[in-house]
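Undergrad: Structure, please.
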Amino acid sequence: MTILRDISVMWSLIHTLVMFMFLFDSRYSKKKTIKLTLLTMLPLILLNFIMFLVCGSEGYMQRMLITLSLPSLIFFFILAKHRDGRFLFTFCVIDTLVLEIIYITNIIDHYIPGYWFMFTVRLFAYPLLEWFVIKKFKSIYHDIQNQVKKGWGIFALIGLM
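TA: Numbers count the residues shown, from 1 in each chain. I've put the predicted structure just below:
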């Protein structure tokens, strides 16, 4: 049964990457951005998944900031068109959206144990969230980011808290 949990963790990591790719503005072409992201982030995700398997859920969560969040933050910062509060806010928004699904499904798993329900909800929740981000959120979000140049750092601090 834990294999369903493990697969859903990998699923979460991959969809975090996909959602961030949709929301952040790269200074490179879409093709180059995707290529650089795949070459860098897939090995990083694989390494983190192996760490998750070796260290267990709690042990991995203690290391995740250093082994996944900071490296991906630095990598995407290098690619970012906007290297200011807009970038940091986007990073925090995606992390928050993804973590909400993880928290909700973990709570559900507490009441409906066995990982089947958690796995199924995550299987559908991430693509649904991506659809929402692409179809409903992305264009409005980019318009606002292009019009408002100041104040994003303060919003990002809220997300960091």
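Undergrad: residue boundaries of the helices in this structure?
TA: 2-23, 30-64, 70-79, 85-111, 116-132, 138-147, 152-160 (DSSP state H).
Undergrad: could you redo the ones you listed as JSON lines and give each row mean pLDDT and mean neighbour count?
TA: Bear in mind the C-beta positions are built from the backbone N, C-alpha and C, glycine included. Listed next are the helices of the chain as JSON lines, based on pLDDT from 0 to 100; neighbours: other CB atoms under 10 Å:
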{"stretch": "helix 2-23", "mean pLDDT": "85", "mean neighbour count": "18"}
{"stretch": "helix 30-64", "mean pLDDT": "89", "mean neighbour count": "14"}
{"stretch": "helix 70-79", "mean pLDDT": "94", "mean neighbour count": "16"}
{"stretch": "helix 85-111", "mean pLDDT": "90", "mean neighbour count": "17"}
{"stretch": "helix 116-132", "mean pLDDT": "93", "mean neighbour count": "16"}
{"stretch": "helix 138-147", "mean pLDDT": "92", "mean neighbour count": "12"}
{"stretch": "helix 152-160", "mean pLDDT": "86", "mean neighbour count": "14"}
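Undergrad: Identify the nearest residue to Thr16 in space, disregarding sequence-adjacent positions?
TA: Val98 (4.6 Å; CB to CB, 6 or more residues apart in numbering).
Undergrad: measure that neighbour to Thr67 for me?
TA: Relative to Thr67, Val98 is positioned 16 Å away (CB to CB, to the nearest Å).
Undergrad: for Val9, same thing?
TA: From Val9 across to Thr67, the span is 13 Å (CB to CB).
Undergrad: what is in contact with those two at once?
TA: Shared contacts of Val9 and Thr67 (CB atoms under 8 Å, 6 or more residues apart in numbering): none.
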